[in-house]
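Student: Sequence and computational prediction follow.
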Amino acid sequence: MARIVRIHEYGDASVLKLEELAVPAPAALEVQIDVKAIGLNRAEVMFRNHAYLQEAEFPSRLGYEAAGVVAAVGSGVTDVQVGDKVGLIPPLDIARWGTYGELANVPAHLVVKSPANLSFEQVAASWMQYVTAWGALIEQAKLQRGDFVLVTAASSSVGLAAFQMARMVGATAIAITRTQAKRQALLEAGAAHVIVSDEEDIVERVMAITDGQGARVVFDPVGGPAFEPLTQSMARGGILLEYGALSPEPTPFPLFTVLGKSLTLKGYLYAEIVADPQALARAKVFIVEGLASGALSPIIARTFALDEIQDAHRYLEANQQIGKVVVTV
């Protein structure tokens, strides 16, 4: 028996229920993790609220990220063994391999041995943000030394990961945030420049920072009206990677800017990397090396205990944090 978080209906954080359940042995090519820490994601809030790509089948587990110790392995598993300290690259099914709880069965190919220098909390805060940022910036945009990259929703864990990856390859990250409240924290987190969009003209500031050339790469999960100034801030031949739709407002298509600057606009999903074995292997190498060296270092905003899971979700929804919300088990 183990304590497991499930939802029996859609709704606010109060629908998260901590229950005593029997957890089966891992199936073939699965690993059972004795979970020590869980990284929370906005996708889990959306799933709970019935605003996600995947439908729940009640009662439903949920959760994408975890770190812990291998408790058991299914048949065919050779890369890890019982007792290994591991992290989980989030699977593509939020419910089938839900991580909210004391035990979780997960796909073996997404389990990665953790660098010795990291705590369970740091490991649980790593894989979603770094795989997401790596796939967009390194794999697809080919970010490199001398590039400028605009990062919106900059205080999110993925935004912070983007700063660190830019620094690793010699690029310059420009964070965009709405108010002054998070400006200093973003600079301390690794942004080379911060633009406060409620007070500053995005295009003017980007052009001043880049000596008039614009940013070659834009990494945006928001969309909405800001899409136009983002494209106007780009360098000729640049690429904008759109990986979300946080704005409730329509997103205009800046046709003449796109044509005039020969821009590439690409929809990007984390799943593109997880579903591609070769790309995933490249991501693992890059990220493990970065974590081991300290070049990649997850920023944790706050930790909660497992029996505080409802409060953890409420804190995440308040959108005041800089970095990752982690639940310890």
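Tutor: Received it, and whenever you're ready, just let me know what you need.

Student: Can you show me the helices along the stretch 101-250 of the chain?
Tutor: 120-124, 127-133, 157-169, 183-189, 202-209, 227-232 (DSSP state H, counting those that start in this stretch).

Student: I'd like to know how far the residue nearest to Lys266 when sequence neighbours are not counted sits from Ala162.
Tutor: Distance criterion Cβ to Cβ, 6 or more residues apart in numbering; nearest residue to Lys266, sequence neighbours excluded, is Leu241 at 5.3 Å. C-betas here are computed from N, CA, C, even on glycine. For Leu241, the distance to Ala162 (Cβ to Cβ, to the nearest Å) stands at 10 Å.

Student: between these two, what contacts are shared?
Tutor: By Cβ atoms under 8 Å, 6 or more residues apart in numbering, Leu241 and Ala162 have these common neighbours: 137, 219.

Student: Counting neighbours, go ahead and name the busier of these two.
Tutor: Neighbours per residue, other Cβ atoms under 10 Å: of Leu241 and Ala162, the larger number sits with Ala162, 32 against 20.

Student: Report pLDDT for the more buried one.
Tutor: pLDDT recorded at Ala162 is 97.

Student: contacting residues around it?
Tutor: 133, 137, 149, 151, 173, 219.

Student: what are the bridge partners for the fourth one, then?
Tutor: What that stands for is Val151. Per DSSP bridges, the residues bridged to Val151 are Ala175, Phe219.

Student: my guess is it meets Gly190, correct?
Tutor: No: the pair Val151 / Gly190 is not scored as a contact, 10.1 Å apart, by Cβ atoms under 8 Å.

Student: Overlap in contacts, the two.
Tutor: Counting by Cβ under 8 Å, 6+ apart, the shared contacts of Val151 and Gly190 are 163, 173.

Student: List the buried residues of stretch 304-321.
Tutor: Within stretch 304-321, the residues scored as buried using 16 or more other Cβ atoms under 10 Å are 304, 306, 309-310, 312-313, 315-316, 321.

Student: Geometric centre of the chain: which residue is closest?
Tutor: Nearest to the mean C-alpha position of the chain, by Cα atoms, centre = their mean, lies Gln129 at 2.9 Å.

Student: quick revisit: got the buried residues of stretch 304-321 as JSON lines, with distance to Ile195 and secondary structure columns?
Tutor: Shown next, in JSON lines, are those (distance: Cβ to Cβ, whole Å; DSSP: H, G, I helix; E, B strand; the rest coil):
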{"residue": "Phe304", "distance to Ile195": "32", "secondary structure": "strand"}
{"residue": "Leu306", "distance to Ile195": "38", "secondary structure": "helix"}
{"residue": "Ile309", "distance to Ile195": "35", "secondary structure": "helix"}
{"residue": "Gln310", "distance to Ile195": "35", "secondary structure": "helix"}
{"residue": "Ala312", "distance to Ile195": "30", "secondary structure": "helix"}
{"residue": "His313", "distance to Ile195": "30", "secondary structure": "helix"}
{"residue": "Tyr315", "distance to Ile195": "26", "secondary structure": "helix"}
{"residue": "Leu316", "distance to Ile195": "25", "secondary structure": "helix"}
{"residue": "Gln321", "distance to Ile195": "20", "secondary structure": "coil"}
